[in-house]
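[1] Whatever this is, show me its structure:
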Amino acid sequence: MRPEVLAAVFIGGCLYAFTALSKNMLEGERFDPRKLSKTIFLAGLLAVLNTVMGVGEFSEIDLVIQGAGETVLLDKLLKLLRALMAGMDEPRW
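    Next up, the predicted model:
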């Protein structure tokens, strides 16, 4: 296990989290610590999974970008799943 892989992927995910936070605050949205902590948790989970799976034959900047991209993808997939599940509760007619 290479700690630099863990750190680089986690940093990438955190960069996405803080970018999204900044965008939302500029749009006037109130700070929601649950949203930020959820995204940082996802970044940590992905960093651990990448490290355990042996990912790491890339440069540090590639790993940071990979971490950000994976975090964005997982975040959007979870939001889609939540929206689909909420839509199942509503009557169709």
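
[2] Buried residues, stretch 62-82. List them.
    Neighbour-count burial for stretch 62-82, counted by 16 or more other C-beta atoms under 10 Å, picks out L63, V64, I65, Q66, G67, A68, E70, T71, V72, L74, D75. Placement of C-beta: from N, CA and C, glycine included.

[3] List the residues that contact the fifth one.
    Taking C-beta atoms under 8 Å, 6 or more residues apart in numbering as the criterion, G67 is in contact with A8, V9, F10, I11, G12, G13, A43, L46, A47, N50.

[4] swap in Q66?
    V9, G12, N50, V55, F58.

[5] before we move on, what SS does the last one have?
    What it means is F58. Look at F58: counting by DSSP: H, G, I helix; E, B strand; the rest coil, its state is coil.

[6] where does it fall, phi/psi-wise?
    phi -120, psi 170 (degrees, to the nearest 10).

[7] hang on, the earlier thing: quick check on the contacts of Q66: which are buried?
    V9, G12, N50, V55.

[8] so which two of the residues you listed are the farthest from each other?
    Every pair in those was compared (C-beta to C-beta); the two farthest apart turn out to be G12 and V55, at 12.1 Å.

[9] Now do the shared contacts for these two.
    In contact with both G12 and V55: L63, Q66, using C-beta under 8 Å, 6+ apart.

[10] circling back to that earlier point, could you dump the contacts of Q66 to CSV with pLDDT, secondary structure and distance to K35?
    As requested, the contacts of Q66 are exported to CSV (pLDDT from 0 to 100; DSSP: H, G, I helix; E, B strand; the rest coil; distance: C-beta to C-beta, whole Å):
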residue, pLDDT, secondary structure, distance to K35
V9, 91, helix, 20
G12, 93, helix, 18
N50, 85, helix, 23
V55, 76, coil, 27
F58, 81, coil, 29
